[in-house]
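Novice: model the following, please.
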Amino acid sequence: MRPRDIRRRDDADLRQEVTRLKEGIFRQRFHGQSEEKVDRGLISKHRRDIARIKTILRARELGKESAPGAK
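Specialist: Got it, this is the predicted structure:
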């Protein structure tokens, strides 16, 4: 997920995306414990995406960046 794509989305949608990614990480870890084949790179990718989204949300809270359509 690119920062440019994240910035185009509204706050509520981004918060839902963070929740979805966290659930995906949980599922991947659960499958790893049950000895199923797990893509370890996917977990770190999801973690990076969550960090990107949270960074952009925090910048919006501080007023350093505006939400789409809030001009």
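
Novice: element containing the residue sitting nearest the centre point of the chain, please.
Specialist: In the chain, the C-alpha nearest the mean C-alpha coordinate belongs to residue 50, at 3.0 Å (C-alpha atoms, centre = their mean). Counting by DSSP states H and E, the element that carries residue 50 is helix 40-62.

Novice: helices or strands up against that helix?
Specialist: Using 3 or more C-beta pairs under 8 Å, 6 or more residues apart in numbering; DSSP states H and E, the elements in contact with helix 40-62 are helix 3-7, helix 11-33. The C-beta positions use only the backbone N, C-alpha and C, and glycine is treated the same way.

Novice: list the residues that contact the residue nearest to the centre of the chain.
Specialist: Counting by C-beta atoms under 8 Å, 6 or more residues apart in numbering, residue 50 touches 18, 21, 22.

Novice: where does pLDDT dip in the protein?
Specialist: Within the chain, the stretches with pLDDT under 70 are 32-38, 69-71.

Novice: contact partners for residue 42?
Specialist: Counting by C-beta under 8 Å, 6+ apart, residue 42 touches 24, 28.

Novice: go on, residue 24?
Specialist: When contacts are counted by C-beta under 8 Å, 6+ apart, residue 24 touches 42, 46.

Novice: that one and residue 64: what is the separation?
Specialist: To residue 64, residue 24 is 29 Å away according to C-beta to C-beta, to the nearest Å.
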